[in-house]
Every structure is written in C-alpha cells, then in structure tokens.
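Peer 1: Got a sequence here, can you model it:
(one chain, ligands or ions: 2)
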Amino acid sequence: MEKYGVIVIGGGSGGLTVASGAASLGAKTALIEKEPHLGGDCLHVGCVPSKAFIEAANEVHTSRQGDRFGLEVSGKADMKQVNRRVRKSIDHIQEHDSIERFEDLGVRVLIGKAQFENPHTIVVGNHRIRGDKIVISTGSRSNVAPISGLEEAGYITNETVFDLEWLPSRLAFIGGGPIGLELAQAFSRLGTQVTVLEGGPAILSKEDGDIQQAAAEILKQELNIVTNAKVDRVSKSSETKKVHYEVNGLKETLDVDEIFVATGRKPNTEGLGLDSAGVIMNNRGFIQVDGTLRTSQSHIFAIGDVNGAFPFTHVAGQEGKLVVQNALFNLKRKISYDYTPWNTYTTPEIFHFGLTQEEAVSQGREIKVYKTSLDEVDRFIAEHKSEGFIKIITDNKGKILGAHAIGKGAGDWMQVVILAVKQGAKIGDLSQIIYPYPNHAAAIERVSNEYWRAKLFSGFIPRLTKKVIKWLP
Ligand SMILES: Cc1cc2nc3c(=O)[nH]c(=O)nc-3n(C[C@H](O)[C@H](O)[C@H](O)COP(=O)(O)OP(=O)(O)OC[C@H]3O[C@@H](n4cnc5c(N)ncnc54)[C@H](O)[C@@H]3O)c2cc1C
Ligand SMILES: NC(=O)c1ccc[n+]([C@@H]2O[C@H](COP(=O)([O-])OP(=O)(O)OC[C@H]3O[C@@H](n4cnc5c(N)ncnc54)[C@H](O)[C@@H]3O)[C@@H](O)[C@H]2O)c1
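Peer 2: Ligands and ions are numbered 1, 2, ... in the order given. Here you go, the predicted structure:
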C-alpha cells in the first residue's frame with residue numbers, strides 16, 4: 001500500500017491550496033478528485049462561469065441602452081454564444097489548475113471517488129492508500145428544496161445552467177440568495193422575464209438591513225421579486241411549467257419556461273465512508289471541526305464548504321493555508337473569520353465586511369453608524385452610476401465593526417477598508433490617506449469625513465477654536 005504524508009480529498013478551491021502547499025513544503029502528497037479535471041465547483045459551475053455569464057449579460061444590457069446615444073441595437077442574445085464565452089473563461093483558468101501542473105509540483109493525482117476504509121486508509125478505484133494526515137475538501141452542492149412535482153417537471157441549477165442552449169423567455173428562480181440573484185439579474189439582462197420567489201421576508205438574508213432594502217429596490221427595476229413566497233408545488237402542461245405558490249394567504253400560479261432552484265447548499269459527504277473514519281457531523285449535516293479545523297479525528301481536517309463555516313472560495317483558500325501549517329507541523333493555530341469579507345456580484349455590487357448593524361445591536365454594543373450616498377461622490381455622479389451607498393459601523397471610539405456598500409464596483413474599491421482594519425486603523429484614519437481624484441474609493445473618504453465632522457464641528461472643539469480665532473491678531 002502506498003503511504004503519504006498528506007492525502008487531500010477534493011481538488012477544488014480548498015483542496016488545491018493544501019495539495020500545492022504541502023507538496024511545495026516537501027510532504028509526500030496525494031490528491032484525489034472524482035471528476036476528470038481539477039478546479040471544483042468554483043471553476044466549473046460556480047464563481048468563474050457565473051461571473052463570465054454576468055459580464056456577458058451586462059454587455060448585452062449596455063448595448064441595448066445604446067439608443068440613448070442614437071445607436072440602434074436589436075436582436076436576441078444567443079445563449080450558445082454566451083455559454084461559449086463562459087466555456088472560454090473556464091478553459092483559460094483550467095490551464096492553471098491542470099493535473100499536469102499539480103503533478104509537476106510533486107502531487108500524485110488520483111482520479112476517482114474517495115472512500116475511507118478506516119481512519120488512515122482510503123480506497124480510490126483499485127488503489128488503497130494510507131495517509132498520516134488527511135484533508136477533506138469535498139465541497140457542497142445544491143440543496144434542492146423538497147417541492148412536490150419539481151422532479152417530474154424538471155429544473156435547472158448552477159450545475160446545468162451553463163449548458164443551456166436556448167434563452168428561456170420566462171424563468172422562475174426559487175430562492176433569493178446570492179446564487180439566485182446574481183444569475184436572475186443576468187438572465188433578465190439577456191432578455192428573459194424573471195420572477196424570484198423568496199421564501200423568507202427579505203432577499204439576501206445575510207446582508208445588513210439597509211443593504212437588503214436598497215438591493216431589493218434596485219433589483220426590482222429588473223426583476224419581479226416576491227418575498228414570503230411559499231412554493232407549494234410545481235406542475236407541467238405541454239411546454240409550460242407552472243409554479244404554484246402562496247403569498248400573504250393568496251394562492252398564485254406562475255407560468256414559466258424553466259425553473260432555477262437556488263435554495264441553499266448541502267455538503268458532499270455521501271459515499272465518503274465517514275463512519276469508517278470515525279468523523280462526525282454537526283446537526284446541520286456538515287463535518288464538525290474545531291478552531292484548528294481538525295475533525296473528531298485529530299489527524300483528519302475538513303475545509304471549505306464541507307465544514308459549513310463560510311461557503312466562499314477565498315475562505316476555502318484561507319482555511320487551506322492554515323491546514324497546511326497545522327497538518328505538517330502539528331500546530332494548533334486557530335482560524336479567524338474576523339476579517340472575512342464577501343461580495344455579491346449583482347449590479348450594483350454588494351460588499352460585506354464584519355458585523356451588520358443588526359448583529360452589532362443584538363450583541364448589545366454601543367455603536368455609531370456613518371452612511372454616505374454615492375450621489376455625493378463625484379465619480380459616481382459623472383458616470384451616472386450613483387445608485388447605492390457606503391455604511392460604516394463603529395464603536396464609540398471609532399473602531400470599525402462592520403463595513404458595507406452597494407454600488408458600482410463596490411467589491412473592488414472597498415478592499416481599502418479591509419487593509420485598514422487589518423492594520424488596526426480606525427474610521428478617522430481612512431480620511432488621512434489620499435484618494436486620487438475622482439476615484440470611486442473617494443466614497444470611503446467621504447464617509448470617514450462624517451466621523452471628523454461629528455467630532456470636530458460640534459461640541460467642545462468648535463467652541464474652543466472660535467475663541468482662539470477671536471484672539472488671534
Ligand atoms: C453559482 C455559484 C457562484 C459562486 N460564486 C462565488 C463567488 O463569486 N465568490 C466566492 O468566493 N464563492 C462563490 N461560490 C462558492 C464557491 O464556489 C465555493 O465556496 C467553493 O468552490 C468551495 O470550495 P471547496 O474546496 O470547499 O469545494 P469545491 O471547490 O467544490 O471542490 C470540491 C471538490 O471535491 C470533489 N469531490 C467531492 N466528493 C468527492 C469524493 N468522494 N472523492 C473525490 N473528490 C470528491 C468535487 O468533485 C470537487 O472538485 C459560488 C458558488 C456557486 C454555486
Ligand atoms: N458572490 C459570491 O460570493 C457568491 C455567489 C453565489 C453563491 N455564493 C455562496 O453560495 C452559498 C449558497 O448560495 P444560495 O443563494 O444557494 O444560498 P442561500 O442560503 O444564501 O440562499 C438561499 C435562499 O433560498 C431561500 N429558500 C430556501 N428554501 C426555499 C423555498 N422552498 N422557497 C423559496 N425560497 C427558499 C432561502 O430563504 C434563502 O434566502 C452562499 O451562501 C454563498 O456563500 C457566493
């Protein structure tokens with residue numbers, strides 16, 4: 001039986017980070033992936049294709065608005081062309097995540113489904129391999145809500161949408177989280193009539209309340225969004241799919257050509273033989289880990305979506321880097337999610353960092369909230385893209401507890417705040433750096449000026465300066 005220092009199960013965002021890190025540091029490393037290619041969900045059915053699809057849809061949308069400048073644009077978007085562009089983006093990045101590249105790094109790549117035989121032994125096809133340390137990074141998949149008639153009528157998810165060869169005229173999205181909304185808006189921009197049925201009282205339930213409200217107002221210009229929608233069943237008559245739902249006690253039926261289900265995620269743990277490994281799961285069905293990302297077996301780690309902490313590519317990567325150290329050097333370093341931001345790539349983009357106002361209040365903190373509309377920031381005004389705002393939540397001393405923004409490119413220009421907080425800077429420090437005029441990040445300067453305005457131009461300081469100025473010659 002072949003023996004390895006580290007065996008990684010799953011060649012996606014988390015697994016690839018561990019495999020390359022462990023091999024580069026000299027550990028004998030094996031990587032097991034069930035698909036014939038590496039890259040995982042993010043590359044094949046997640047982040048990359050969705051962002052390529054969104055960009056294609058945005059280009060179509062912008063072209064259609066050419067009439068504002070006297071240009072005539074007509075015609076229907078060709079889904080085959082759109083998805084060909086999506087494929088091109090995947091193929092480009094696939095080169096970086098190729099099996100050959102990992103083998104060149106010294107990783108033994110085994111293609112096949114991994115199954116634990118015992119806590120140290122894994123079976124993959126005809127191979128039985130043994131690992132001193134094992135890292136599970138098998139990701140997640142759509143948790144399709146159990147809706148009567150859905151299976152019979154058929155539906156699409158992020159796993160099948162990028163293979164569509166035709167553009168649906170009418171599309172229902174069940175679920176108003178980031179997966180649903182990013183793609184719902186993209187379809188709308190390609191020319192589809194889109195309805196989003198969200199079971200909860202608001203879309204984007206993890207966002208700050210003000211952001212949720214603003215996002216709903218903006219997105220409603222392009223999408224029909226129904227909240228508190230209880231989807232009872234789905235039926236099909238000839239080519240039309242019917243979604244039967246109830247809202248505020250009223251029964252409604254929505255006729256569509258296709259249904260996209262985006263009702264959350266569930267971990268890929270089936271068939272892994274976790275019982276044989278002695279690895280236990282938490283009450284949500286995700287693999288239970290401690291702060292060092294060790295499972296109930298101290299030599300087995302679980303990272304990425306499968307541990308249910310934060311389902312993002314950058315988190316899987318961050319966890320992977322920590323596990324390389326903990327696994328190889330028997331360290332007990334703990335993961336910190338304190339500086340974990342995320343973006344939602346709707347138009348406009350949404351940036352999320354730290355506590356929401358609701359979370360800060362529920363923790364009983366005394367907070368101050370600074371908010372500036374983007375229609376006070378010159379660049380957004382010049383570009384006619386001034387929808388949105390920036391909001392920073394601090395404690396009484398100006399320490400940043402949360403930062404949120406909705407606006408053009410917010411996911412990029414708000415990065416400044418993450419660095420500032422990481423360096424221990426407070427809100428006041430954000431106005432002490434120079435923002436080359438007229439960049440978008442000046443929104444940060446503007447909101448931090450609010451802090452100084454409150455501090456300097458009211459209360460004791462202006463009373464004092466008034467007196468000093470009076471006595472000056
Ligand atoms: C539509 C969509 C858009 C998204 N957009 C973003 C975004 O913009 N930004 C962001 O940060 N995140 C985004 N995400 C989330 C992101 O894709 C995941 O958080 C990330 O892929 C998780 O990485 P992972 O390593 O845990 O899992 P994955 O990258 O999915 O890798 C898991 C791998 O394990 C393999 N595997 C599973 N079981 C076995 C087994 N038994 N044996 C061997 N191999 C196995 C799988 O085939 C897969 O390759 C998006 C997700 C979706 C669905
Ligand atoms: N830009 C990004 O970083 C990005 C993009 C897409 C996905 N992701 C990741 O993927 C994860 C999963 O995204 P998601 O949108 O599938 O999940 P989610 O859990 O965020 O949202 C699912 C939504 O579906 C609703 N829902 C559930 N059952 C329903 C039903 N029967 N009827 C109507 N509504 C129902 C829920 O109330 C919820 O609002 C996200 O948490 C995110 O971390 C990230």
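
Peer 1: in this structure, which residue is closest to the centre?
Peer 2: Centroid-nearest residue in the chain, with C-alpha atoms, centre = their mean: Phe312, separated by 5.1 Å.

Peer 1: Show me which residues of the stretch 101-250 of the chain sit near ligand 1.
Peer 2: By the rule C-beta under 6 Å from any ligand atom, the part of the stretch 101-250 of the chain lying against ligand 1 is Lys113, Ala114, Ser137, Thr138, Gly139, Asn158, Ile179. C-beta here means a position set from N, CA and C on the backbone, and glycine is covered the same way.

Peer 1: So what touches the helix or strand where the last one lies?
Peer 2: Element membership of Ile179, judged by DSSP states H and E, is helix 178-190. When contacts are defined by C-beta atoms under 8 Å, 6 or more residues apart in numbering, helix 178-190 is touched by residues 50, 53-54, 56-58, 60-61, 77, 79, 82, 158, 161, 167-168, 171, 173-174, 194, 196, 198, 203-204, 215, 219, 222-223, 260, 262, 344-347.

Peer 1: And the residue nearest to the residue nearest to the centre of the chain when sequence neighbours are not counted, what's its pLDDT?
Peer 2: Excluding the flanking residues, the one nearest Phe312 by C-beta to C-beta, 6 or more residues apart in numbering is Trp342, at 5.5 Å. In the prediction, the pLDDT value recorded for Trp342 is 98.

Peer 1: Quick one: neighbours of Ile280, just the number.
Peer 2: Other residues near Ile280 come to 12 when the count uses other C-beta atoms under 10 Å.

Peer 1: measure it to Leu254 for me?
Peer 2: Taking C-beta to C-beta, to the nearest Å as the measure, Ile280 falls 42 Å from Leu254.

Peer 1: average model confidence for the longest strand along the chain?
Peer 2: Assignment by DSSP state E gives strand 127-136 as the longest strand of the chain. The average pLDDT within strand 127-136 is 98.

Peer 1: Check whether Asp1 really touches Arg130, as I assumed.
Peer 2: Quick fix: residue 1 reads Met, not Asp. Yes. Counting by C-beta atoms under 8 Å, Met1 does reach Arg130; the two are 5.5 Å apart.

Peer 1: Tell me which of those two has more neighbours.
Peer 2: When Met1 and Arg130 are compared for neighbours, Arg130 comes out ahead with 16 against 7, by other C-beta under 10 Å.

Peer 1: On the strand side of things, show who that one bridges to.
Peer 2: With DSSP bridges applied, Arg130 shows beta-bridge pairing to Lys3, Thr121.

Peer 1: Over to the one 5 residues further on?
Peer 2: Each beta-bridge partner of Val135 is listed here, defined by DSSP bridges: Val8, Phe301.

Peer 1: got the CA positions of the longest strand of the chain in CSV?
Peer 2: The C-alpha coordinates for strand 127-136 follow below in CSV (Å, rounded to 0.1, in the frame of the first residue of the first chain):
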residue,chain,number,x,y,z
HIS,A,127,-5.9,1.9,-5.2
ARG,A,128,-5.7,1.7,-1.4
ILE,A,129,-3.6,4.5,0.1
ARG,A,130,-2.6,5.4,3.6
GLY,A,131,-2.2,8.9,4.9
ASP,A,132,-0.6,10.3,8.1
LYS,A,133,-2.8,13.4,7.7
ILE,A,134,-6.0,13.6,5.6
VAL,A,135,-7.8,16.7,4.5
ILE,A,136,-11.4,16.5,3.4
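
Peer 1: how about the following helix or strand past it against ligand 2, any contact?
Peer 2: Sequence order places strand 140-142 as the next helix or strand after strand 127-136, per DSSP H and E. No. Using C-beta under 6 Å from any ligand atom, we find that strand 140-142 stays clear of ligand 2, coming within 7.0 Å at best.

Peer 1: Distance from stretch 323-332 to the middle of the chain?
Peer 2: 27 Å (C-alpha atoms, centre = their mean, to the nearest Å).

Peer 1: ok, and what's touching that stretch?
Peer 2: Residues outside stretch 323-332 that contact it (C-beta under 8 Å, 6+ apart): 5-6, 17-18, 21-22, 25, 27, 133, 135, 292-294, 301, 303, 333.

Peer 1: Swap in 6 Å and give it another go.
Peer 2: The contact list for stretch 323-332 (C-beta atoms under 6 Å, 6 or more residues apart in numbering) reads 6, 18, 21-22, 25, 27, 133, 135, 292-293, 301, 303, 333.

Peer 1: Out of the residues you listed, list just those in strands.
Peer 2: Using DSSP E, the contacts of stretch 323-332 in strands are Val6, Lys133, Val135, Phe301.

Peer 1: my read: the third one touches Phe301, true?
Peer 2: Yes. Applying C-beta atoms under 6 Å, one finds Val135 in contact with Phe301, separated by 4.7 Å.

Peer 1: Skip the chain neighbours and tell me the closest residue to Glu2.
Peer 2: In this structure, Glu2 finds its nearest non-sequential neighbour in Ile129, 4.9 Å apart by C-beta to C-beta, 6+ apart.

Peer 1: got a list of what that neighbour touches?
Peer 2: By C-beta under 6 Å, 6+ apart, the residues touching Ile129 are Glu2, Ala30, Ile122.

Peer 1: same deal with Asp290?
Peer 2: So Asp290 contacts nothing (C-beta under 6 Å, 6+ apart).

Peer 1: Find the closest residue to ligand 2 in the stretch 301-450 of the chain.
Peer 2: Pro311 (3.9 Å; C-beta to the nearest ligand atom).

Peer 1: Next, count neighbours for the residue of the stretch 151-300 of the chain found nearest ligand 2.
Peer 2: Nearest residue of the stretch 151-300 of the chain to ligand 2: Gly177, at 2.1 Å (C-beta to the nearest ligand atom). A total of 19 residues lie near Gly177 under the criterion other C-beta under 10 Å.

Peer 1: where does the nearest residue to it once chain neighbours are set aside land on pLDDT?
Peer 2: Among residues not flanking Gly177 along the chain, Ala262 sits closest, at 6.1 Å (C-beta to C-beta, 6+ apart). On the pLDDT scale, Ala262 is placed at 98.

Peer 1: do you know how far Ala262 is from Lys466?
Peer 2: Ala262 sits 58 Å away from Lys466, going by C-beta to C-beta.

Peer 1: between these two, which one's more packed in?
Peer 2: Just comparing Ala262 and Lys466: by other C-beta under 10 Å the higher neighbour count belongs to Ala262, 27 against 9.

Peer 1: Please tell me how far the nearest residue in space to Ile418 that is not next to it in sequence sits from Phe69.
Peer 2: Take Ile418 and drop its neighbours on the chain: the residue closest to it by C-beta to C-beta, 6+ apart is Pro341, 5.6 Å away. Distance of Pro341 to Phe69, computed by C-beta to C-beta: 36 Å.
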